[in-house]
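Colleague: Predicted model and sequence follow; I will ask about them next.
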Amino acid sequence: MPLLIIGSIALDSIKTPFGEKKEILGGSAVYASVASSFFSPTALIGPVGKDFPPEHLDFLKARGIDLSALHRMEGPTFRWGGYYEYDMNQAHTLETKLNVLAQFDPKIPEALTASPYVFLANLDPELQLKIISQIKRPKMLAADTMNFWIESKRDVLHEVIKKVDFILMNDAEIRQFMETPNLPLAASRLLKLGCRGVIVKKGEHGALLFTQEEHFSAPSYPQEMLCDPTGAGDSFAGGFMGYLAKTNDLSPENIRKGVIIGSVMASFNVEDFSLDRLKRLKHKEIMQRFEEFRRFSRFEALLEEHAI
Ligand code: AMP
């Protein structure tokens, strides 16, 4: 099943303890669509400026991503600058230059309005609402956000959450948004707003899934090659949604598998800057790491003679 992803397309400038890179390919929708392209046909909508390097578009096309509805705009491409210290779970924003993102007025072409799977990557929640009003009710609609929008557009974000099936946030964001340090409590408050599922991304500590019926915890991967965490959340979301679109199965068991696929894609993404690791990634490696995740989280029942 096809997946439609709408979000930012960026030139990022990043500093981590392992190096510094200027004006590299990034953006929430770029990470998400490259990750999802390993699983399902993906269409990407986002704004690019006149200065956006054509080789980045060639790379996205080569991954089979449908760019026919890209918004090519006058003015410079969106830029984000940030740095990470040794605690790489926390991104520190140095600059957000919205540029064409400030004028972005998403128009979903008729052919894509009936996409059965839709992911609203990190974007102004007002635009996320605008997109929701243009599409036919998808089988699965998920959204992501970040502290920038929680701080500036909290009420609008509430409206988005009421309209989506799944919301993805990282642990700091959900605590900030629900004003509690307690993650299960924060998730249950979000579920009460009306969404069916909440995914809390915890960086190197794994991910949590909360639905009305259950709670599932994806293990952390013992990552020894951590280089740049930018896009981890977006590649998680792209893997999660891409896998669900591929299998077209929204059973609780398959959603759990989707959470693990998301974790697998994020764990690869952080091994290099920008999309460089996903550029080299092979399907076989995804399968192998999925099995590793399974091994980490498997444990047997207590023996009867050891019962306490
Ligand atoms: P994450 O998966 O949270 O690490 O997302 C990182 C990506 O989000 C970067 O490539 C940025 O270009 C993009 N980004 C940063 N700030 C914003 C924003 N305010 N709106 C949309 N995208 C953003």
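Modeller: Nice, thanks for sending it over.
Colleague: of all of the stretch 151-300 of the chain, which residue lies closest to the ligand?
Modeller: Closest approach between the stretch 151-300 of the chain and the ligand, counting by C-beta to the nearest ligand atom: residue 233, at 3.3 Å. Where you see a C-beta, it was placed from the backbone N, CA and C, and this is true even at glycine.
Colleague: ok but that residue is inside a helix, no?
Modeller: Yes: counting by DSSP: H, G, I helix; E, B strand; the rest coil, residue 233 is found in a helix.
Colleague: Near it, how many residues? Count them for me, please.
Modeller: Neighbour count of residue 233, defined by other C-beta atoms under 10 Å: 29.
Colleague: Skipping its backbone neighbours, what lies nearest it in space?
Modeller: Spatially, and ignoring its direct neighbours in sequence, residue 233 is nearest to residue 201 (5.2 Å; C-beta to C-beta, 6 or more residues apart in numbering).
Colleague: wouldn't that neighbour be in contact with residue 174 here?
Modeller: No: counting by C-beta atoms under 8 Å, residue 201 stays clear of residue 174, with 9.3 Å between them.
Colleague: can you list the residues of the stretch 51-200 of the chain near the ligand?
Modeller: Counting by C-beta under 6 Å from any ligand atom, the positions of the stretch 51-200 of the chain adjacent to the ligand are 80, 96, 122, 123, 146, 148.
Colleague: Could you verify that the last one is part of a helix?
Modeller: This means residue 148. Yes: using three-state DSSP, the secondary structure at residue 148 is a helix.
Colleague: Could you give me the PyMOL selection string for whichever of the residues of the stretch 51-200 of the chain next to the ligand are buried?
Modeller: Filtering these down to the buried ones (16 or more other C-beta atoms under 10 Å) takes a single PyMOL command:
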select buried, resi 80+122+123+146
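Colleague: can you tell me which of the residues of the stretch 51-200 of the chain next to the ligand lies nearest to residue 169?
Modeller: Here the nearest of these to residue 169, counting by C-beta to C-beta, is residue 146; it sits at 8.3 Å.
Colleague: and residue 61, how many residues sit next to it?
Modeller: Counted with other C-beta under 10 Å, residue 61 comes out at 11.
Colleague: That one - that's part of a helix, no?
Modeller: Yes: assessed with three-state DSSP, residue 61 lies in a helix.
Colleague: the strands in this structure, which residues?
Modeller: Taking DSSP state E as the criterion, the chain carries its strands at 3-6, 10-16, 19-26, 42-45, 47-48, 71-72, 78-83, 92-97, 117-120, 140-144, 166-170, 197-201, 207-211, 215-218.
Colleague: so for the third one, what's the average pLDDT?
Modeller: The average pLDDT for strand 19-26 rounds to 97.
Colleague: Equivalent analysis for the fourth one, please.
Modeller: Looking at strand 42-45 alone, the average pLDDT works out to 98.
Colleague: ok, and for that strand, which residues are buried?
Modeller: For strand 42-45, a neighbour-count test (16+ other C-beta under 10 Å) marks 42, 43, 44, 45 as buried.
Colleague: Let me see the confidence value for the spatially most central residue of the chain.
Modeller: Centroid-nearest residue in the chain: residue 234, 2.5 Å away (criterion: C-alpha atoms, centre = their mean). Note on residue 234: pLDDT of 97.
Colleague: which ones are touching the nearest residue to it once chain neighbours are set aside?
Modeller: Among residues not flanking residue 234 along the chain, residue 31 sits closest, at 3.5 Å (C-beta to C-beta, 6+ apart). Residue 31 is in contact with 121, 231, 234, 235, 238, 269, 275, 278, counting by C-beta atoms under 8 Å, 6 or more residues apart in numbering.
Colleague: try 6 Å this time
Modeller: Residues near residue 31 by C-beta atoms under 6 Å, 6 or more residues apart in numbering: 231, 234, 235.
Colleague: mind checking how far residue 265 is from residue 305?
Modeller: 42 Å (C-beta to C-beta, to the nearest Å).
Colleague: for residue 105, same thing?
Modeller: According to C-beta to C-beta, residue 105 stands 67 Å off from residue 305.
Colleague: What of residue 95?
Modeller: In this view, residue 95 and residue 305 are 62 Å apart by C-beta to C-beta.
Colleague: quick one: which of the two has more around it?
Modeller: residue 95 (9 against 5).
Colleague: What residues are bridge-paired with that one?
Modeller: Beta bridges link residue 95 to residue 81 when assigned by DSSP bridges.
Colleague: wait, doesn't it sit right on residue 80?
Modeller: No: applying C-beta atoms under 6 Å as the test, residue 95 and residue 80 come out as separate, 7.2 Å apart.
Colleague: The buried residues of strand 42-45 into JSON lines, with extra columns for distance to residue 17?
Modeller: Output for these, formatted as JSON lines (distance: C-beta to C-beta, whole Å):
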{"residue": "42", "distance to residue 17": "32"}
{"residue": "43", "distance to residue 17": "36"}
{"residue": "44", "distance to residue 17": "31"}
{"residue": "45", "distance to residue 17": "34"}
